[in-house]
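In: Give me a model of this one.
(one chain, ligands or ions: 1)
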Amino acid sequence: MMLDCAIIGGGPAGLSAALVLGRARRKVLLFDADRPRNSVSSASHGFLSRDGIEPAMLKSIAQKDLLQYPSVAIKQTEVVHVKKNDKHFVIVAMDKGVYLAKKVILATGIKEVLPNLTGLKSFYGKSVFSCAYCDGWELRDKQLAIFSGHPGTLQLIKILSNWSKNLIVCTNGNKPLDEETKVSLQSKGIKVYEEKIAKLFGDNGQIKIVHFENGLEAQIEGGFVSPEWCHPGSLAKGLGCKQTEKGGMITDSMGRTNIIGVYAAGDNTIVSPSQIAIAAGDGSRTAIGVNIDLTNEEFIL
Ligand SMILES: Cc1cc2nc3c(=O)[nH]c(=O)nc-3n(C[C@H](O)[C@H](O)[C@H](O)COP(=O)(O)OP(=O)(O)OC[C@H]3O[C@@H](n4cnc5c(N)ncnc54)[C@H](O)[C@@H]3O)c2cc1C
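Out: Below is the predicted model of the structure:
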């Protein structure tokens, strides 16, 4: 069977694209390896009408909605290869299935690379987060550590001061702030620790203490960290899609990449800001782009 569109990635971007294309009566197969970026989190915030929902529940509601549309199917498997032929795409999945599609949407998300701090992984998504807009409200007014040593640290401090005035900054041996800035932060009650971090301590996902290598320690109730974002773009690269310096896929306003028939949506097109609402909106817009292109190819006067 020739699919109208193969959607690779079943997070908010891919699910939203599948919904729009299903409602447009397009034959769609959504492939999902089911390794979402926010899997460490127990609640998703800020998505209209679903504030605080468990990420897996949001996904299951969206999948259920899709199955109302007979031309849409979901396959839980990883796509390992996509090849462009003259007129269509050949999609090879981990389950050894081979599928043909007229169009492909890459909605594969991004992966986060956390700074190498002992203990961080057990707190990430529970009491340490990366996005203030997603989780700042839950940590409001608490004693928070900002784990950041890169040049964007000052901006992060400014933004987070909206949610809590009780901030410390842990640069882990880096020096992203000049003396004048540090003095100015100190006058606002924000202490900057430039010592190397030995380990983060707490229990049941709740961070409590930052231990520094010089023996100092700081008591905290939560934190924010700046992960590196990596675009696992082997499919995009294999197809020859253009990417930004940071690996985000470059698209036009309807999700079209430089390769005709290949579209991209969601976190894999951007680095920041990234939220479920933004990924879902991007998926919807890209699906409309796919449907416009298919219609123009089919409806020839
Ligand atoms: C800790 C944390 C907390 C967050 N909290 C919030 C929040 O509260 N509110 C909010 O709005 N946003 C939150 N976010 C951000 C949000 O999770 C993302 O912006 C959103 O999930 C992006 O959607 P996406 O569809 O682009 O990618 P993802 O949700 O990452 O989905 C991509 C999917 O594609 C699949 N995939 C990848 N490659 C392949 C392949 N080759 N074949 C098949 N499938 C593949 C993956 O397995 C995955 O299931 C949070 C993020 C993190 C890390």
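In: Taking the stretch 1-150 of the chain, what residue is nearest to the ligand?
Out: As assessed by Cβ to the nearest ligand atom, the ligand sits closest to Gly11 within the stretch 1-150 of the chain, at 2.1 Å. Backbone N, C-alpha and C define where each C-beta goes, glycine included.
In: Surely Lys75 is in contact with Met94?
Out: No - using Cβ atoms under 8 Å, Lys75 is not in contact with Met94, being 10.0 Å away.
In: So for these two, which sits in the more crowded spot?
Out: Taking other Cβ atoms under 10 Å, Lys75 and Met94 do not tie; Lys75 has more neighbours (17 against 14).
In: Now the phi/psi pair for that one, please.
Out: With angles defined as degrees, to the nearest 10, Lys75 sits at phi -120, psi 120.
In: Excluding sequence neighbours, find me the nearest residue to it.
Out: Leaving aside its chain neighbours, Lys75 sits nearest to Phe31 (5.3 Å; criterion: Cβ to Cβ, 6 or more residues apart in numbering).
In: Likewise for Asn214?
Out: Glu195 (5.1 Å).
In: One more: Leu114?
Out: Counting by Cβ to Cβ, 6+ apart, Pro227 is the residue found nearest to Leu114 once chain neighbours are left out, at 5.1 Å.
In: roughly how far apart are whichever residue of the stretch 151-300 of the chain sits closest to the ligand and Ile91?
Out: Using Cβ to the nearest ligand atom, Gly266 is the residue of the stretch 151-300 of the chain that sits closest to the ligand, at 2.4 Å. To Ile91, Gly266 is 18 Å away according to Cβ to Cβ, to the nearest Å.
In: and these two? which has more neighbours close in?
Out: Shown here are Gly266 and Ile91; by other Cβ under 10 Å, Gly266 has more neighbours (32 against 22).
In: Could you report the neighbour count for the residue nearest to Leu114?
Out: Residues lying near Pro227 (other Cβ under 10 Å) number 15.
In: ok, now the one 10 residues further on?
Out: The burial count assigned to Lys237 is 12, neighbours taken as other Cβ under 10 Å.
In: what does Asn174 give?
Out: Look at Asn174: counted by other Cβ under 10 Å, it has 14 neighbours.
In: residues contacting it?
Out: Asn174 makes contact with Gly149, His150, Glu194, according to Cβ atoms under 8 Å, 6 or more residues apart in numbering.
In: Repeat the analysis, applying 6 Å as the threshold.
Out: Residues in contact with Asn174 (Cβ atoms under 6 Å, 6 or more residues apart in numbering) are Gly149.
In: What strand or helix carries it?
Out: Asn174 belongs to no helix or strand when assigned by DSSP states H and E.
In: And it, how far from His150?
Out: Distance of Asn174 to His150, given as Cβ to Cβ: 7 Å.
In: Check what pLDDT the nearest residue to Lys111 once chain neighbours are set aside gets.
Out: By the measure of Cβ to Cβ, 6+ apart, the closest residue to Lys111 outside its immediate chain neighbours is Cys230, 5.0 Å from it. On the pLDDT scale, Cys230 is placed at 84.
In: Likewise for Ala277?
Out: 97.
In: again with Ser274
Out: As predicted, Ser274 sits at a pLDDT of 89.
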